[in-house]
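Asker: the amino acid sequence is not available; the structure is as follows:
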């Protein structure tokens, strides 16, 4: 058949990535080899899986492998696999836009730091482009398994704005990539250097990576495997070093950072399976950007055959940051995502995963506080989702949460609920907390003034998830959690009931005047026992949402049921005394409204009419200066 060739332009975002890879990412150049080998391994995994249903795809060539060779004279490095291969349409779809699903996120994540940016390669499916770090031209030849010999495809590009693709005969299935190395990158045309890179980054690829011996710097002899080519997770733990586990994690997660911790377990019995689970040091980029909808990194194998990324089925959403491998002896090789959802064994494995991860985090908290602090900074908010979603694990998760408090240093979230309960005052029966949209707002909340004055510790919660999370955590250690800005304050903090009653009686006229001026803007006005320094604050019903969360939800377009807060006042404050003595009805109305507006702002709400607030404040300031 005559070859049909055409020249096509890259999509705009792909061209941007190519430019960045070629001109900006200078550190860790050797990652190109890791990424290309990883892609070849994926192609072999896919062929092995597809061959379960269609054995003819192997076509007498069941010895799956990756070959690497080099030619110093031609300046080329060649990587070949006998995996699934690609059709012409797949080449255009996957190579012309090979990072189609991840390119935009890759570009958005670039920081301008070449060292950190290079670590992003692979995390968004842009690994193929890493070839252009060292090559000024890349030629890819491929044929899909099961396709006729004359349906091969050649793709070629210099990494600029376009590529050429043509159909031509290719006798073997699989993919061959030829890198035409830049002059300054010819150091990679060295057998010992290539073997060292494979040992460092790809030793745990589960297929043989073969290279010829070298003589005088050139390939010489038959190909031989240069990697372990065995499933690391199936090897006894006694044979594995920390470096082995860390190296496997790097190849598994495309992450140059070492993992924080890992757990490796073999479960035997009626059901047998192996777990190797990692806690990353940093949030994986798919978890950060894709969130709950893009959960990869937990790979399911059945008897060493890769089946799928199965994070959704084998881990709950609140553990989506976990990376690792699960290898089952008992699941069917042709298991599908649909079958996984209703499989009893999968439920057992899922429960085991949750238990092992919690065991691992608890061990960090107990034995390695610095690593646990790092974990909390990266994943503390994700962990809080488990309080809502996983009632069975709620108590264990609650012990792992950390918060700032009125006794902690700055915004450092280092106080556990056990810490708090352990130092509660003798007459204290609740765990007090406040939520806000920043640490400063929580620390400065008027509602906590009386508790601070009496030495009662208050947890400061200022993450967006906290208000939602704490609604599912009514108590801890037999002590109820209570928001300082909600409900009646009662006897909290040991305030004298008779003194409170007397203050309320003395302030009855002040309260009534404020209530009449504010009308339906508030549900009620009452004397506060929360305040010591501020003139007023807003108090919500026990089950109402905090004002700052109401604001955030309204800004996001959500409709919320109307509810009126209670305005609590501090009659001893000079502003209330001025209001009480104000004879001018206009200035009295302005003072009343300013008190309410200030309380709304301190609570995290927004004002319906900021301009009117400014005008009222200006009138009061000018009136005071003229008096």
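Answerer: Looks like it came in fine. None of the values given here were measured: they were computed from a predicted structure.

Asker: residue contacts, residue 228?
Answerer: Shown in contact with residue 228 (C-beta atoms under 8 Å, 6 or more residues apart in numbering): 203-204. Using the backbone N, CA and C atoms, a C-beta is placed for each residue, glycine as well.

Asker: what's around residue 412, how many residues?
Answerer: For residue 412, the number of neighbouring residues by other C-beta atoms under 10 Å comes to 15.

Asker: so it touches residue 404, yeah?
Answerer: Yes. Here residue 412 reaches residue 404: they are 6.4 Å apart, a contact under C-beta atoms under 8 Å.

Asker: now do the helices in the stretch 201-350 of the chain.
Answerer: Residue ranges of the helices in the stretch 201-350 of the chain, as given by DSSP state H, counting those that start in this stretch, are 242-253, 285, 311-314, 337-341, 344-367.

Asker: burial count for the residue nearest to residue 172 when sequence neighbours are not counted?
Answerer: Spatial nearest neighbour of residue 172, excluding adjacent residues (C-beta to C-beta, 6 or more residues apart in numbering): residue 82 at 6.5 Å. By other C-beta under 10 Å, the residues close to residue 82 number 25.

Asker: test my guess that residue 82 contacts residue 61.
Answerer: Yes. Residue 82 lies in contact with residue 61 (C-beta under 8 Å); the separation is 5.8 Å.

Asker: thought residue 528 was touching residue 570?
Answerer: Yes. Contact status for residue 528 versus residue 570: in contact at 5.7 Å, counting by C-beta under 8 Å.

Asker: shared neighbours, the two?
Answerer: residue 536.

Asker: how is the chain partitioned into domains?
Answerer: 4-225, 232-373, 402-484, 506-540+560-626 (automatic domain parsing).

Asker: possible to save those domains as JSON lines with distance to residue 395 and mean pLDDT?
Answerer: Shown next, in JSON lines, are these (distance: least, C-beta to C-beta, whole Å; pLDDT from 0 to 100):
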{"stretch": "domain 4-225", "distance to residue 395": "34", "mean pLDDT": "81"}
{"stretch": "domain 232-373", "distance to residue 395": "11", "mean pLDDT": "84"}
{"stretch": "domain 402-484", "distance to residue 395": "8", "mean pLDDT": "93"}
{"stretch": "domain 506-540+560-626", "distance to residue 395": "28", "mean pLDDT": "90"}
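
Asker: what's the closest of those to residue 392?
Answerer: Residue 392 sits nearest to domain 232-373 of all the domains of the chain, at 8.4 Å, using C-beta to C-beta.

Asker: so how far is the closest one from its chain's centroid?
Answerer: Distance of domain 232-373 from its chain centroid, counting by C-alpha atoms, centre = their mean, to the nearest Å, is 16 Å.

Asker: same check on stretch 44-64?
Answerer: Taking mean C-alpha positions (C-alpha atoms, centre = their mean), stretch 44-64 and its chain are 35 Å apart.

Asker: ok, the residue nearest to residue 172 to residue 536 distance?
Answerer: In this view, residue 82 and residue 536 are 76 Å apart by C-beta to C-beta, to the nearest Å.

Asker: repeat that for residue 564.
Answerer: From residue 564 to residue 536 the distance is 15 Å (C-beta to C-beta).

Asker: where exactly do the strands run in the stretch 1-150 of the chain?
Answerer: Assigned by DSSP state E, counting those that start in this stretch, the strands in the stretch 1-150 of the chain fall at 4-9, 66-71, 76-81, 135-143.

Asker: and the helices in the stretch 351-500 of the chain?
Answerer: For the stretch 351-500 of the chain, the helices defined by DSSP H, counting those that start in this stretch cover 369-389, 394-400, 417-422, 439-443, 449-453, 464-470, 497-506.

Asker: residue 617 is nearest to which of those helices?
Answerer: Across those, closest to residue 617 is helix 439-443 (C-beta to C-beta), at 20.4 Å.

Asker: pull the distance from the closest one to the chain's centre.
Answerer: 25 Å.

Asker: which strands or helices does it pack on?
Answerer: strand 404-405, strand 459-461 (3 or more C-beta pairs under 8 Å, 6 or more residues apart in numbering; DSSP states H and E).

Asker: most tightly surrounded among those strands?
Answerer: strand 459-461 (a mean of 26; mean count of other C-beta atoms under 10 Å).

Asker: from the contact counts, what lies against it?
Answerer: Packed next to strand 459-461, using 3+ C-beta pairs under 8 Å, 6+ apart, are strand 404-405, strand 430-435, helix 439-443.

Asker: need these in CSV (columns: distance to residue 469).
Answerer: Formatted as CSV, those follow (distance: least, C-beta to C-beta, whole Å):
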stretch, distance to residue 469
strand 404-405, 15
strand 430-435, 10
helix 439-443, 15
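
Asker: tell me where the stretch 51-200 of the chain has helices.
Answerer: Assigned by DSSP H, counting those that start in this stretch, the stretch 51-200 of the chain shows helices spanning 88-94, 103-109, 114-120, 191-201.

Asker: can you redo the helices and strands packed on helix 439-443 as CSV with distance to residue 436?
Answerer: Below are these laid out as CSV (distance: least, C-beta to C-beta, whole Å):
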stretch, distance to residue 436
strand 404-405, 11
strand 459-461, 7
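
Asker: closest one to residue 216 among the ones you listed?
Answerer: Closest approach to residue 216 among the helices and strands packed on helix 439-443 (C-beta to C-beta): strand 404-405, 65.0 Å.

Asker: list of residues touching the helix or strand harbouring residue 518?
Answerer: Assessed by DSSP states H and E, residue 518 sits inside helix 508-518. Applying C-beta under 8 Å, 6+ apart, the external contacts of helix 508-518 come out as 504, 522, 524-527, 567, 569, 571, 576, 579-580, 588-589, 592-593, 595-596.

Asker: are any of these buried, and which?
Answerer: 522, 525-527, 567, 569, 571, 576, 579, 588, 592-593, 595-596 (16 or more other C-beta atoms under 10 Å).

Asker: from residue 520, how far off is residue 550?
Answerer: From residue 550 to residue 520 the distance is 18 Å (C-beta to C-beta).

Asker: next: residue 390.
Answerer: 42 Å.

Asker: again with residue 410
Answerer: Separation of residue 410 from residue 520 (C-beta to C-beta): 41 Å.

Asker: show me which of these two is the more surrounded one.
Answerer: residue 410 (9 against 6).

Asker: coming back round to it: in strands, which of the buried ones among the contacts of helix 508-518 appear?
Answerer: 525-527, 567, 569 (DSSP state E).

Asker: got CSV for these, with distance to residue 452 too?
Answerer: Below are those laid out as CSV (distance: C-beta to C-beta, whole Å):
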residue, distance to residue 452
525, 24
526, 21
527, 19
567, 21
569, 19
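
Asker: tell me the one among the residues you listed nearest to residue 314.
Answerer: residue 567 (51.1 Å).

Asker: now do the same contact list for the closest one.
Answerer: 514, 518, 522, 524-526, 536-539, 595-596, 599.

Asker: which of the residues you listed sits closest to residue 95?
Answerer: The closest of the contacts of residue 567, once distances to residue 95 are taken by C-beta to C-beta, is residue 538, at 59.1 Å.
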